[in-house]
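Undergrad: One predicted model, sequence on top.
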Amino acid sequence: MKIQNVLIKKSYAVTLAIACIATAIVLLATGSVTIAAAFGALAGGATFVTQKNKSTHNQADLIAAWPEVIDHLMSGIQAGLSLSESLVGLATRGPEILRPAFTQFRTSLYRDGDLGTAIEEIKTLFNNHGSDQIFEALLISKALGGSELLSILRTLGDFLRQDLALRREIEIKHNWIRNSAHMSAVAPWILLLLLSTQPSTAIAFSTPTGGFILIAGLAMTGIAYAWMNRLGRLPQTPRVFTKLHSEQAHAYQRVNSK
């Protein structure tokens, strides 16, 4: 949570800095405070959205790393390592984006000596449906024995790869539509910036009516952009193995194993 707060504060700082720089540049170019403020707000909004999209891309990279985690676990188990040793090994041999989390897992495991608790902690840390399936398979295997663990991991790895391939195909088809919408939103502002170099245009938009038009334009651009992103957003697979569901599933497994 502390890391997330730091990233949010950094995003706000970058947004404010870009907005101030854009405002200063446009003010020097046009001499109109109203137009400069509008472009500063537009640049700040675009920067904030870019920072947010970067976080989304990081989340996508995180999801794409789980099939590789399964491969590492299967290789370790087939080599004769225990489940805990295979998981700890991911802190140094796993996907780079996941190594800090598995380093924390290793610390938790060595501190408490409880594999189940350490798995529950790292599952809560990732908070993702793909990782939930992997960790639930490991917890069930720990409770009932690991004779079918390799088969379960192999099936789960195939399923995750198929899901990722389908999502990437859909995202590619959506990207060109999204990029076209971005250009459509930016084009009127580029035209305004070019026209603002003329004194008559700068004077016209410095009036209350011109300011109202700029505010309305910013509002409509923001609404159109948000609506376009909402239509193009892929639905996220809901989490099934939350803490409550996990406890119920484990109780059911214990009853059936007796």
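TA: Arrived safely, thanks for sending.
Undergrad: What ranges does the stretch 101-250 of the chain have for its helices?
TA: Assigned by DSSP state H, counting those that start in this stretch, the helices in the stretch 101-250 of the chain fall at 115-126, 129-144, 149-195, 199-205, 208-232, 243-257.
Undergrad: list the helices and strands the fifth one packs on?
TA: Using 3 or more Cβ pairs under 8 Å, 6 or more residues apart in numbering; DSSP states H and E as the contact criterion, the neighbours of helix 208-232 among helices and strands are helix 33-64, helix 149-195, helix 199-205. C-betas here are computed from N, CA, C, even on glycine.
Undergrad: Of the helices of the stretch 101-250 of the chain, which is nearest Arg106?
TA: Arg106 sits nearest to helix 115-126 of all those, at 8.3 Å, using Cβ to Cβ.
Undergrad: Give me the contact list for the closest one.
TA: Outside helix 115-126, the residues that touch it by Cβ atoms under 8 Å, 6 or more residues apart in numbering are 62, 83-84, 87, 101-102, 104-105, 108-109, 112, 131-132, 135-136, 138-139, 142, 241, 243, 246.
Undergrad: Now that helix: buried residues?
TA: For helix 115-126, burial by neighbour count (16 or more other Cβ atoms under 10 Å) applies to Leu115, Ala118, Ile119, Glu120, Glu121, Ile122, Lys123, Phe126.
Undergrad: pLDDT score assigned to the fifth one?
TA: What it means is Glu121. With respect to pLDDT, Glu121 scores 85.
Undergrad: got it, and the last one?
TA: At Phe126 the predicted local confidence, pLDDT, stands at 81.
Undergrad: From Asn175, how far off is it?
TA: To Asn175, Phe126 is 26 Å away according to Cβ to Cβ, to the nearest Å.
Undergrad: returning to that earlier point: okay if I get the helices and strands packed on helix 208-232 as JSON lines plus mean pLDDT?
TA: Shown next, in JSON lines, are the helices and strands packed on helix 208-232 (pLDDT from 0 to 100):
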{"stretch": "helix 33-64", "mean pLDDT": "78"}
{"stretch": "helix 149-195", "mean pLDDT": "82"}
{"stretch": "helix 199-205", "mean pLDDT": "83"}
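Undergrad: which of these is buried the deepest?
TA: Mean neighbours per residue, mean count of other Cβ atoms under 10 Å, is largest over those for helix 33-64, with a mean of 17.
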